[in-house]
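*Asks:* I would like the atomic coordinates for the input below:
(one chain, ligands or ions: 1)
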Amino acid sequence: MSSRRAVGPAQAVTVRAPAKINVYLSVGTPRADGFHPLATVYQAIGLYDDVTARPGGSGTVPVRVKLAAADHVDADAVPLAPGTNLVHRAAELLGAHHGRRLRSDISISKAIPVAGGLAGGSADAAAALVALDRLHDLQTTDEALLAIAAELGSDVPFSLVGGTAQGVGRGEQVTAYVDPAIVEAAWWWVVVPSATGLATPQVYAHFDRMRPDAHEAPVVPDRVLAALASQDPTSLAAVLHNDLQAVALDLRPDLVDVLADGEEAGALRGIVSGSGPTCVFLCEDADHAREVAGRLQEQHPVVLVATGPVAGAHRVEYV
Ligand code: C5P
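*Replies:* Next up, the predicted model:
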């Protein structure tokens, strides 16, 4: 989140929001509302969507959304029709909070793979909240932005906060780690997206079939925080864990090979990100990540390198 303001009405505000991975994810049995209680360590990584808000909208459609997608992004999988994108809902909820209807044209410049377990839709919603707030000079408090973000989706508050943070509840209750050893650590990840996505509800439904005995009260073990604070990639590699991984692999057995390919390419360890199907591989440092990525590129069409942690949704342009 960014609070510095320019003077006078804005013509265009661009906000950048990062992808997330789950360094650790423990999932419990579903709550009465159907959501799963979880305890996770989120990390924002340097793979971004940019969202630009301008004055606009048409008579019947207050918020129009258009998309420019990177080559590796399946643009057809992004809903843009009125009311279908999380960005429309973000505008609705933010407008309702201020008792007005926000009119804007929004363009999303997308580099985060769609339905990949990287919270790309959540990143767009978080970026749209901040961009619309600044464009319309709404001066929404951080508390209100976080509450609206939680209503939009379980991962949206983390997309605002960024860094390395704990998520509990259904993931929407986010607390940034403040231990300087955790804040200042730099991790290098190789990211292998999949050509076809996985729908998060489908993965959680399959989790219920596979894991009827899941924990009642998931927690992040202290050893995970100790590994993060050690700043040692080998220590972190040893504690990476995702309760949804076995589920994603059962739905998508091809991912078993992707994980094996990354480890054969020399990564310290690979893990499915969130509900998948993107696989992320922890490496020693930048050079090691480039080397692993180079090897993986021989077998996989899209291989990205990203460092984490990075900032949550933040303004990059205001004209
Ligand atoms: O919160 P969000 O809209 O991103 O969640 C998408 C879907 O993923 C939910 O409708 C639910 O099926 C599932 N989910 C869940 N438990 C969570 C988060 C998401 O069951 N903690």
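
*Asks:* how about the residues of the stretch 101-250 of the chain that lie near the ligand?
*Replies:* 153, 154, 155, 170, 171, 200, 201, 204 (CB under 6 Å from any ligand atom). For glycine as for every other residue, the C-beta is placed from the backbone atoms N, C-alpha and C.

*Asks:* could I get those residues as JSON lines with secondary structure?
*Replies:* Formatted as JSON lines, these follow (DSSP: H, G, I helix; E, B strand; the rest coil):
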{"residue": "153", "secondary structure": "coil"}
{"residue": "154", "secondary structure": "coil"}
{"residue": "155", "secondary structure": "coil"}
{"residue": "170", "secondary structure": "coil"}
{"residue": "171", "secondary structure": "coil"}
{"residue": "200", "secondary structure": "helix"}
{"residue": "201", "secondary structure": "helix"}
{"residue": "204", "secondary structure": "helix"}
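
*Asks:* buried set for the longest strand along the chain?
*Replies:* With secondary structure taken from DSSP state E, the chain has its longest strand at strand 38-55. Judged by neighbour count using 16 or more other CB atoms under 10 Å, the buried positions of strand 38-55 are 38-54.

*Asks:* not counting sequence-adjacent ones, nearest residue to residue 156?
*Replies:* Nearest non-adjacent residue to residue 156, counting by CB to CB, 6 or more residues apart in numbering: residue 149, 3.9 Å away.

*Asks:* tell me the contacts of the one you found?
*Replies:* Counting by CB atoms under 8 Å, 6 or more residues apart in numbering, residue 149 makes contact with 125, 126, 129, 156, 157, 159, 160, 172.

*Asks:* can I take it that the second one is in a helix?
*Replies:* Read it as residue 126. Yes - counting by three-state DSSP, residue 126 falls inside a helix.

*Asks:* so how far is residue 17 from it?
*Replies:* To residue 17, residue 126 is 5 Å away according to CB to CB, to the nearest Å.

*Asks:* need the residues touching each of those two.
*Replies:* 159, 160, 312, 313.

*Asks:* name the nearest of the residues you listed relative to residue 223.
*Replies:* Set against residue 223, the nearest of those by CB to CB is residue 312 (25.9 Å).

*Asks:* got a pLDDT number for that closest one?
*Replies:* You'll see residue 312 listed with a pLDDT of 98.

*Asks:* not counting its neighbours along the chain, what's nearest it?
*Replies:* Setting aside the residues directly before and after it, residue 312 is nearest to residue 162 in space (CB to CB, 6+ apart), at 2.7 Å.

*Asks:* try residue 235
*Replies:* residue 227 (4.3 Å).

*Asks:* what angle sits between the least confident helix or strand in the chain by mean pLDDT and strand 38-55?
*Replies:* Ranked by mean pLDDT, DSSP states H and E, the weakest helix or strand in the chain is strand 314-318, scoring a mean of 92. Angle, strand 314-318 to strand 38-55, by axes from the mean of the first three to the mean of the last three CA atoms, to 10 degrees: 10 degrees.

*Asks:* sounds good, over and out.
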